[in-house]
Every structure is written in structure tokens, then in C-alpha cells.
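In: After the sequence you'll find the predicted model.
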Amino acid sequence: MNNYKKLKGLIAATFTPVDTNSDINYSVIRKYAQHIKDSGISGVFVCGTTGEFTSLTTVERKLILEEWIKRGEGDFQIIAHVGSNNQREAMELARHAAVKGADGIGCIAPSFFKPEKVKDLIDFFTPIASSAPQLPFYYYNMPSMTGVNLSVAQFLHEGKKTIPNLAGVKFTHNNLMEMGDCIQLDNGAFEVLHGFDETLICGLALGAVAGVGSTYNYIPHVYLNILKSMESNDVETARAFQMQSVEMVKIIIQYGGGVRGGKAIMNLIGIECGPCRPPFATFEREEYDALRENLQGIGLLVK
């Protein structure tokens, strides 16, 4: 499984646009996709955590992906997140992604009935990955949300034996020792996508060449400068830009985190993503005013 384009640079974890009735606002994706094209971002990760995948129906996830593929027009790579607690649903989404022309699929670990051993995780993922054998498959590792904290290196090494299209891992965890181990595993055989925006510099220092993040959507220049600085061994400059990212993350945490706070920022910059679906609370006007003031205070609000 070596005939696909490896991911490099910034992969934006996309938000799901909805209207005031919480119905999917598919029409916004055209403007959103143009925003991605103009930003220097290399790809998108569709219907992941940032996209509120657990709050979407299977039909909605399919239609959202189709719209991204249509509007992307091949200008950036599109990774479809197909993860679900329901293996059959994930298989269906994987087949759909392959048929519609996605560039890859990612899948988070099941989080209600959890795999107890690495073999259990491999057995869960194998039929999902084989549902789209022509696409690279990425394990979406996020223990803070799933409660699944199995050895990623062991999963990659053992999983490759039964998952030929296993390309790598979206590593959304703060265990940098484990991340480094995965990067070096089997002579660098796997792609390791850095998943925490606020520590991108750490992943790059360990050898990662791509990251997936939600704040890439609205401050891509910060991360592009981190990438550029690290490529030229200018760690001091990279560190300064990383601290801008940290300041942004500190702000969005005040507003409910990267999904709720980040979606509000998208609305502020003119990409009308609307509110989050329940159980997230509606973003109030007073919060928008305070958020705008916070962002202006760190010089990171575009509009």
C-alpha cells in the first residue's frame, strides 16, 4: 500500500456548518473550501471531533463529505473520518468515502464498549479498513475522548499484518515519548500526524511532517510559520509562533473548548458555521463580544 500521496503540512479538522435550526448548512462548504484553498492548508479531516461526528446521522456524514469533495476540486487532500461505535456504520462510511473519491479515511477507537487489548482494536478496524482497501487508513488515537489508551506502536506494528492499507496514526495525545516511538517504528514506515495544535513544534522536532488541527482553520499563518521556521532550524522563531497558538488555545478553552469556541471564531471571521448541536450550549451574543475582545487582545482576530 504505497501508491498514495503521503500527508504533509497542515490538515484542518473541519467544523460542520449548521443553520439556526441545527440543520446542516451544506451551502457554506463552498465558501469554506475556498477559504481552505486560500490559506495554504494541505488538506482537511472531515467529520471528526471538530466536526461533531457523534451528533451527525450517517446520511449527513455522507452528504457533508460529498460536498467537501465537490468543492475541494482536487486542490487539497480530503480525509474522511468514518469512526463510529457501530462497526457496520463505519464500514458503510468507508465504502462511501472510497466510491466518492476521498483521499483517505480515519477511524477513532470505539468509546462505549472499549477494546481491552491491541488485538481487539485491530479486529475492530480490520473490516473497516478493508471496506476501502484502495485508500490509506489512519488510526485516530485520542485517549482523552475515547478512554482507549492502548499501545499505538504495537497497534501499528501488529495491525499492518492484517490491515495492508494501514498508513499511520492521527496522534492526538500528549505522550510524546510514544509519539517518537511511532515515528521511528519499522524504519519510519508510518505517517504520524500531530494532533495537538498547541504542541505542534514538539511533534515536528520529533520528526512529524504533518498535523491535524482545528485552530488551523482560523490562524493557519501561525502554524505555517512554525513549519517554515522548523524547516530552516529557526527554533526561536518557531517557539514564538507556537506561543501565539498557546494563547489562542487558552482563549477557546474559556468558551467550551476547540469545538464550541472554535466554531464561534469561524462565525467571527465570516465562515458561517452556526451553532453547535446539543449538548453544546448555544453561544450567546455577550460571549461573542467577549470572545472578539479576547482575540483582538492577542492580535489574532482576522476580522
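Out: That came through, no problem. Numbers count the residues shown, from 1 in each chain.

In: And the longest helix along the chain, what's buried?
Out: For the chain, the longest helix by residue count, based on DSSP state H, is helix 235-254. For helix 235-254, burial by neighbour count (16 or more other Cβ atoms under 10 Å) applies to 238, 241-242, 244-245, 247-249, 251-252. Placement of C-beta: from N, CA and C, glycine included.

In: buried ones in stretch 61-74?
Out: Per 16+ other Cβ under 10 Å, stretch 61-74 contains these buried residues: 61-62, 64-69, 71-72.

In: Over to stretch 220-227?
Out: For stretch 220-227, using 16+ other Cβ under 10 Å, the buried residues are 220, 222-227.

In: same question, stretch 158-170
Out: Those buried within stretch 158-170 under the rule 16+ other Cβ under 10 Å are 158-160, 163, 165-170.

In: Could you verify that Ile78 is part of a strand?
Out: Yes - counting by DSSP: H, G, I helix; E, B strand; the rest coil, Ile78 is part of a strand.

In: I'd guessed it sits against Lys70; true?
Out: No - applying Cβ atoms under 8 Å as the test, Ile78 and Lys70 come out as separate, 10.3 Å apart.

In: Counting neighbours, what do you get for Lys37?
Out: 14 (other Cβ atoms under 10 Å).

In: ok, now Tyr288?
Out: Neighbours around Tyr288, by other Cβ under 10 Å: 15.

In: per-residue pLDDT, the closest residue to Glu247 other than its chain neighbours?
Out: In space, Glu247 comes closest to Ile298 once its chain neighbours are excluded; the distance is 4.8 Å by Cβ to Cβ, 6 or more residues apart in numbering. Looking at Ile298, its pLDDT reads 93.

In: I'd say Ile298 and Ile251 touch.
Out: Yes - judged on Cβ under 8 Å, Ile298 makes contact with Ile251 at a distance of 7.1 Å.

In: JSON lines for the buried residues of stretch 61-74, including pLDDT and secondary structure?
Out: JSON lines is the format used below for the buried residues of stretch 61-74 (pLDDT from 0 to 100; DSSP: H, G, I helix; E, B strand; the rest coil):
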{"residue": "Arg61", "pLDDT": "98", "secondary structure": "helix"}
{"residue": "Lys62", "pLDDT": "98", "secondary structure": "helix"}
{"residue": "Ile64", "pLDDT": "98", "secondary structure": "helix"}
{"residue": "Leu65", "pLDDT": "98", "secondary structure": "helix"}
{"residue": "Glu66", "pLDDT": "98", "secondary structure": "helix"}
{"residue": "Glu67", "pLDDT": "98", "secondary structure": "helix"}
{"residue": "Trp68", "pLDDT": "98", "secondary structure": "helix"}
{"residue": "Ile69", "pLDDT": "98", "secondary structure": "helix"}
{"residue": "Arg71", "pLDDT": "97", "secondary structure": "helix"}
{"residue": "Gly72", "pLDDT": "96", "secondary structure": "helix"}
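
In: For the residues you listed, give me TSV that also has distance to Tyr140.
Out: Below are these laid out as TSV (distance: Cβ to Cβ, whole Å):
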residue	distance to Tyr140
Arg61	14
Lys62	18
Ile64	17
Leu65	15
Glu66	21
Glu67	21
Trp68	17
Ile69	20
Arg71	23
Gly72	20
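
In: Looking at these, which is nearest Gly213?
Out: For those, the closest approach to Gly213 (Cβ to Cβ) belongs to Trp68, at 17.0 Å.

In: give the contact list for that closest one.
Out: Trp68 sits next to 14, 29, 33, 44, 46, 78 when contact means Cβ atoms under 8 Å, 6 or more residues apart in numbering.

In: how about 10 Å then?
Out: Counting by Cβ atoms under 10 Å, 6 or more residues apart in numbering, Trp68 makes contact with 14, 26, 29-30, 32-33, 36, 44, 46-47, 76, 78-80, 100, 102.
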